[in-house]
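[1] okay, here's the prediction I keep looking at, along with the sequence it came from:
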Amino acid sequence: MASVVKINVLTVPAEQREELERRFAARAGAVEGQDGFEWFELLRPVEGTDTYLVYTRWRSEEDFQNWMKGSMRQAHGGSGGSGGEGRKPAASGSELWSFEVVQQAAPVSGDRPG
């Protein structure tokens with residue numbers, strides 16, 4: 001079974017970038033113990049865009065959905081009401097992209113024959 005990648009595309013105004021990064025730093029450990037979780041990266045735009053990418057990789061779509069229904073909902077204040085800490089979102093918009101991993105590569109170790 002191929003892993004799945006979820007990329008949350010966040011539109012973040014310049015004045016909210018520091019806040020967004022602070023919130024992600026504060027959530028350290030929130031997903032790492034979830035069954036089926038494989039990888040997380042928060043990607044900051046370098047130039048020409050106000051779009052951050054939140055990259056996660058999962059063993060399966062089912063594992064991602066289980067996280068969405070459970071731990072993620074709790075971490076984000078429930079069902080989207082005024083729960084949680086009542087903070088306004090740091091992002092002004094978001095979109096979720098979904099992919100299946102069909103090919104991958106890793107660095108070759110330094111132990112090559114030769």
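    Cool, got the structure.
[2] where does pLDDT dip in the chain?
    By pLDDT under 70, the low-scoring segments of the chain are 71-86, 110-114.
[3] of all residues in it, which one is nearest the centre?
    Nearest to the geometric centre of the chain sits Val54, at 3.7 Å (Cα atoms, centre = their mean).
[4] report the contact partners of the nearest residue to that one once chain neighbours are set aside.
    In space, and not counting its chain neighbours, Val54 is closest to Asn8: 4.0 Å by Cβ to Cβ, 6 or more residues apart in numbering. In short, each C-beta sits where N, CA and C put it, glycine included. Shown in contact with Asn8 (Cβ atoms under 8 Å, 6 or more residues apart in numbering): Leu53, Val54, Thr56, Ser94, Glu95, Leu96, Trp97.
[5] just the buried residues from those residues, in ChimeraX please.
    To isolate the buried ones among these in ChimeraX, judged by 16 or more other Cβ atoms under 10 Å, type:
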select :54,56
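[6] in strands, which of the contacts of Asn8 fall?
    Leu53, Val54, Thr56, Ser94, Glu95, Leu96, Trp97 (DSSP state E).
[7] any idea which element Ile7 lies in?
    strand 4-11 (DSSP states H and E).
[8] my bad, Ala25
    Going by DSSP H and E, Ala25 is in helix 17-26.
[9] gap between the residue nearest to Val54 and Thr51?
    To Thr51, Asn8 is 11 Å away according to Cβ to Cβ, to the nearest Å.
[10] neighbours of Arg108, how many?
    One correction, residue 108 is Val, not Arg. By other Cβ atoms under 10 Å, 7 other residues sit near Val108.
[11] follow-up on the earlier one: and which of the contacts of Asn8 is nearest Val108?
    Thr56 (25.9 Å; Cβ to Cβ).
[12] hang on, the earlier thing: and the strand holding Ile7, C-alpha only, in PDB?
    Taking C-alpha atoms only, strand 4-11 is exported to PDB below (Å, rounded to 0.1, in the frame of the first residue of the first chain):
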ATOM      1  CA  VAL A   4      -0.500   9.300   1.100                       C
ATOM      2  CA  VAL A   5       0.600  12.900   1.300                       C
ATOM      3  CA  LYS A   6      -1.600  15.800   2.500                       C
ATOM      4  CA  ILE A   7      -0.500  19.300   1.800                       C
ATOM      5  CA  ASN A   8      -2.400  22.000   3.600                       C
ATOM      6  CA  VAL A   9      -2.000  25.200   1.500                       C
ATOM      7  CA  LEU A  10      -2.300  28.200   3.900                       C
ATOM      8  CA  THR A  11      -2.500  31.800   2.800                       C
END
